[in-house]
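**Student:** Let's see this in three dimensions:
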Amino acid sequence: MKSSGRVFAFFAALLALPPLLAAVNNPDIFWHLSAGRRMAETGALVRADFLSWTLAGEPWTNFEWLAQLIYHYLFSAGGWTALFLLKTALLAACLFPLWRILRLHGREGWAPAVLPFFSLAMLPMADLRPDNFSILFFLTLLWRLEALRLSGGVPSLRQTAAGALFFAVWANLHPGCLFGLVLAGFYAAGGVIEGRGRGWRGWAGLLAACAAAPLVNPNGGELYRVAFLHQAEMGLLEREIAEWAAPDITVAYQAPGIILMGAALVAMLWSVAGRRARNSGTAATGAGGYADGPGTDCGQCRPDPARRRMPPAAHILALAFFVWAAASHSRNLMFSAAAAMAFMPPLLPALTAGLRAAAAQAAAVLAAFALAWGPARASFTAPHGSAFSSPPAGAFLRANAGELSRLKLFNTWNWGAWLGYAAGPSGYRIFADGRYLFHPMLAEFAAARTDTGAWKEMMEKYAFELAVLPPGTGGELEQRELNGRKTSFVRPNHARYFPQEDWAVLFWDRNLAVFVRRSSLSPFRLNSMELRYLRPGELGNALELARAGLAPLPVLRDEARRLLLFQESSAASADGSVRAWLESLEKACREPGAACR
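**Tutor:** Below you'll find the predicted structure:
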């Protein structure tokens, strides 16, 4: 590549970098870290659930074990910064095979628009997850298959061996390798169709080797079984998990991928229509053309004098499949976006990689970034690991593990991974987390969120004694008479699910509250741990009770002290509400008519 070409490529990559810099806040990262830590400590692969009490010992096909070990060692060495750098490096590396595909077709002049727009399309995957490995492997495979197609050759023994090794590594990082097999299958079909049967043995050998390679992992053929299990559960997953639902163009971070997918489909259909029009003699030369031929990075490619033809069968088959796969499942958008972006270059007119073209594309890209920034801002400005972690609650649980870790714990879906990582080593066992093992519980979770009757059935079924979950916000206003004066009290929503006569509050912070069933602790221990007045969402109630002389000041101050002991243990998690409440208490008790005692 000439020096000017390198500068142009660097400029395009620089434009594409901002969307890849989202913070690391995927809740599932914590159960990946738990598994990595477990493997590092025991020196053995995880083959059964060790994090929950509901499915303890159940077989677990942990097909992402290699990614988890990488996460664990990086996190141990460099914390969140190391994981952020890994994620950013993996996503940034995806730009290289995309650039090479542009060069294969002589369309590198479009890089300042193509690369950044693809980065925007990757926003749903811009967090840290094993999928990051898959999108890089997928694009690398697409690049090599496209180069092979343009060369007019068939896979050699060396390429077949390399493909098998490639898939063997991929299968131990993430099951997205199955989409890679589908892609290779479409290229094989296209090669055989367009070669009129020539070279079918070479393509069949490549497919067989790549399909067998995923068996070279600790779980053998279980990877395929779990993939079929996911497909069988797809209806449930689409209903209950947002990122498994159908893509929605009104969701800001999904819109770029959907637009890209639609644009590729329209362009390909237009190309097919243009080809038919030319065949019938009704179109001008080049109308709706498909420029499929060697570019600056395609020295071994077979020249095509016409340079205008129907889209290749591999492109048509692959694009149709990945659009179909993404239409019902938004997590597949990254594969459809990769396929769409990689198949677009032959549909684009040639463009010289010059300053004027780069400036125009950069202006369009910056405008797109400006529109996307508002909805995406929170994903980039939040501290790493902050969305689904609560250090004060973790510190409280660890400090009281002797009394609480033996109890059956209930947690909500998104918080199970962090609880398993933060409190698991202290003996706590979670109720559920985001692993596929717990998919059968999704319907119960959904019903219990909105129906108190379903919640009571769930409580009776599992008989849990400890609950750690977000306390919720808001509640109902009630009028009470205190010392002859009507006062508004808030009955928080959590009181409907954890009535005070059966459940006691032990701790809360801005993210989580800890409830315990009264019958699970001795009266003495419960008396020393319970927050009778300073319950989540009820600080205002406590202030009114204190002013009326119905809540003793020493008890209130002791409860505030116990809360602050853990709430202020982490500066990043302290919200100051209890400290501010203490100041309000002192002022209220100095007011005329106050009966504080």
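
**Student:** hey, let's count contacts and neighbours off CA atoms from now on
**Tutor:** Will do.

**Student:** Show me the shaky parts of the stretch 251-400 of the chain.
**Tutor:** Within the stretch 251-400 of the chain, the set of residues satisfying pLDDT under 70 comprises 274-309, 351-358, 360-361, 368-378.

**Student:** cool, and the chain?
**Tutor:** For the chain (pLDDT under 70), the answer is 1-6, 8, 274-309, 351-358, 360-361, 368-378, 481, 483-484, 571-574.

**Student:** Regarding it, what is its longest helix?
**Tutor:** Longest helix of the chain, by residue count under DSSP state H: helix 65-93.

**Student:** For that helix, which helices and strands make contact with it?
**Tutor:** Contact here means 3 or more CA pairs under 8 Å, 6 or more residues apart in numbering; DSSP states H and E; on that basis helix 65-93 packs against helix 29-42, helix 131-151.

**Student:** Same list, those, but as JSON lines with mean neighbour count please.
**Tutor:** JSON lines is the format used below for the helices and strands packed on helix 65-93 (neighbours: other CA atoms under 10 Å):
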{"stretch": "helix 29-42", "mean neighbour count": "20"}
{"stretch": "helix 131-151", "mean neighbour count": "21"}
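
**Student:** So which of these is nearest Asn411?
**Tutor:** helix 29-42 (14.1 Å; CA to CA).

**Student:** now for that closest one, which elements pack on it?
**Tutor:** Using 3+ CA pairs under 8 Å, 6+ apart, helix 29-42 sits against helix 65-93, helix 416-423.

**Student:** Looking at the helices and strands packed on helix 65-93, spot the one closest to Pro536.
**Tutor:** Of these, nearest to Pro536 by CA to CA is helix 29-42, at 25.9 Å.

**Student:** What segments of the stretch 101-250 of the chain are helices?
**Tutor:** 111-121, 131-151, 157-171, 177-194, 200-212, 222-232, 234-240 (DSSP state H, counting those that start in this stretch).

**Student:** Need the winner for burial among the ones you listed.
**Tutor:** helix 111-121 (a mean of 26; mean count of other CA atoms under 10 Å).

**Student:** from the chain's centre, how far out does it sit?
**Tutor:** 20 Å (CA atoms, centre = their mean, to the nearest Å).

**Student:** okay, the angle between it and helix 65-93?
**Tutor:** Interaxial angle of helix 111-121 relative to helix 65-93 (axes from the mean of the first three to the mean of the last three CA atoms, to 10 degrees): 140 degrees.

**Student:** From the contact counts, what lies against helix 111-121?
**Tutor:** So helix 111-121, by 3+ CA pairs under 8 Å, 6+ apart, packs with helix 3-16, helix 95-104, helix 255-280, helix 333-343, helix 355-381.

**Student:** switch to 10 Å and redo it
**Tutor:** helix 3-16, helix 65-93, helix 95-104, helix 255-280, helix 333-343, helix 355-381 (3 or more CA pairs under 10 Å, 6 or more residues apart in numbering; DSSP states H and E).

**Student:** and among those, the most buried is which?
**Tutor:** helix 333-343 (a mean of 26).

**Student:** Please find the angle between the direction vectors of it and helix 131-151.
**Tutor:** Going by the same axes, to 10 degrees, helix 333-343 makes 30 degrees with helix 131-151.

**Student:** Which neighbouring elements make contact with helix 333-343?
**Tutor:** Using 3+ CA pairs under 10 Å, 6+ apart: helix 333-343 touches helix 95-104, helix 111-121, helix 131-151, helix 177-194, helix 255-280, helix 313-327.

**Student:** Quick one: the ones you listed as TSV, columns for distance to Phe30 too.
**Tutor:** As requested, these are exported to TSV (distance: least, CA to CA, whole Å):
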stretch	distance to Phe30
helix 95-104	28
helix 111-121	25
helix 131-151	15
helix 177-194	23
helix 255-280	27
helix 313-327	27
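
**Student:** And these: which comes nearest Ala542?
**Tutor:** Using CA to CA, the helices and strands packed on helix 333-343 put helix 255-280 closest to Ala542, at 46.7 Å.

**Student:** Quick one: residues in contact with the helix or strand containing Pro554.
**Tutor:** Per DSSP states H and E: Pro554 is located in helix 553-567. Applying CA atoms under 10 Å, 6 or more residues apart in numbering, the external contacts of helix 553-567 come out as 390-397, 399, 506-510, 528-535, 542-543, 546-547, 573-579, 581-582, 585-586, 589, 596-597.

**Student:** Show the buried residues in these.
**Tutor:** Neighbour counting with 16 or more other CA atoms under 10 Å marks 390-397, 506-510, 529-535, 542-543, 546-547, 573-574, 578-579, 581-582, 585, 589, 596 as buried within the contacts of helix 553-567.

**Student:** Among these, name the ones in strands.
**Tutor:** Among those, the residues falling in strands (DSSP state E) are 506-508.

**Student:** same for the helix or strand that contains Ala443, what does it pack against?
**Tutor:** Ala443 belongs to helix 442-450 when assigned by DSSP H and E. Helix 442-450 is packed against helix 234-240, helix 452-462, with contacts defined by 3+ CA pairs under 10 Å, 6+ apart.

**Student:** If I take the longest one and helix 442-450, what angle do their directions form?
**Tutor:** Between the direction of helix 452-462 and that of helix 442-450, the angle (the same axes, to 10 degrees) works out to 130 degrees.

**Student:** Pull out the buried residues from helix 452-462.
**Tutor:** 454-455, 458.

**Student:** Am I right that Arg532 is in contact with Leu545?
**Tutor:** No: counting by CA atoms under 10 Å, Leu545 is not a contact partner of Arg532; they are 11.6 Å apart.

**Student:** Show me the common contact partners of the two, please.
**Tutor:** With CA under 10 Å, 6+ apart as the test, Arg532 and Leu545 both reach Ala551.

**Student:** Can you check which of the helices and strands packed on helix 333-343 gets nearest to Leu66?
**Tutor:** So among the helices and strands packed on helix 333-343, helix 131-151 is nearest, using CA to CA, at 10.8 Å.

**Student:** Now do the closest one: which elements does it pack against?
**Tutor:** Against helix 131-151 (3+ CA pairs under 10 Å, 6+ apart) you get helix 65-93, helix 95-104, helix 157-171, helix 177-194, helix 313-327, helix 333-343.
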